[in-house]
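Engineer: Turn this into a structure:
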Amino acid sequence: MDEIIKYLKGHGEKLDSEIAVGTGIPLAEARQSLSVLSMRGEVTTCRVIRYTDGKKIDGTLYRAAGYIPKPAPGRKSKAEMNRNAAERVTE
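Structural biologist: Okay, the predicted model is just below:
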C-alpha cells in the first residue's frame, strides 16, 4: 500500500487501472488496496466517465489525501508575483 501512496505522490491523480500498471500490482489487488486506503482516509476518490476514441470509460480517480505537491519550476502566475510583491512591501 505504501507503494501506491508513493506512486500517487509522484504522479498526481490517476485511474485505478493506471495505478495498477504504474506500480505493477494486479488490478484486483490494486483496487482492494485502494479501497482500504480510502477507508483510512489516506487517498481521496472521485468517480469519472471519460471518452477515449469514442469509447466510454467508467472509472475511479484516486489521489493522495492532503498532499500538495511543490510548485513547478518556471514562470510564476501574476497572482503569485503580486503576493510576493505585497510581502516585500510589508517587510
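
Engineer: Every contact and neighbour count from this point should use C-alpha atoms.
Structural biologist: OK.

Engineer: so where's the chain uncertain?
Structural biologist: Scanning the chain for pLDDT under 70 picks out 69, 76, 81-82, 84-91.

Engineer: can you give me the strands for it?
Structural biologist: 14-15, 43-52, 55-64 (DSSP state E).

Engineer: Tell me, how many residues neighbour residue 8?
Structural biologist: 21 (other Cα atoms under 10 Å).

Engineer: measure it to residue 80 for me?
Structural biologist: Distance, residue 8 to residue 80, using Cα to Cα, to the nearest Å: 26 Å.

Engineer: same question, residue 50
Structural biologist: For residue 50 relative to residue 80 (Cα to Cα), the value is 32 Å.

Engineer: Likewise for residue 30?
Structural biologist: Taken as Cα to Cα, the span from residue 30 to residue 80 is 38 Å.

Engineer: Of those two, which one has the most company?
Structural biologist: residue 30 (20 against 10).

Engineer: Pretty sure residue 38 sits against residue 44.
Structural biologist: Yes: using Cα atoms under 8 Å, residue 38 makes contact with residue 44 at a distance of 6.1 Å.

Engineer: Could you tell me how many residues sit around residue 62?
Structural biologist: Neighbours of residue 62 (other Cα under 10 Å): 21.

Engineer: Tell me what it is bridged to.
Structural biologist: Residue 62 has these beta-bridge partners by DSSP bridges: residue 14, residue 45.

Engineer: still on that earlier bit, any chance of the strands of the chain in CSV, with distance to residue 75 too?
Structural biologist: As requested, the strands of the chain are exported to CSV (distance: least, Cα to Cα, whole Å):
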stretch, distance to residue 75
strand 14-15, 26
strand 43-52, 30
strand 55-64, 26
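
Engineer: Pick the most buried one from those.
Structural biologist: strand 14-15 (a mean of 18; mean count of other Cα atoms under 10 Å).

Engineer: Not counting its own residues, what contacts it?
Structural biologist: 8, 59-63 (Cα atoms under 8 Å, 6 or more residues apart in numbering).
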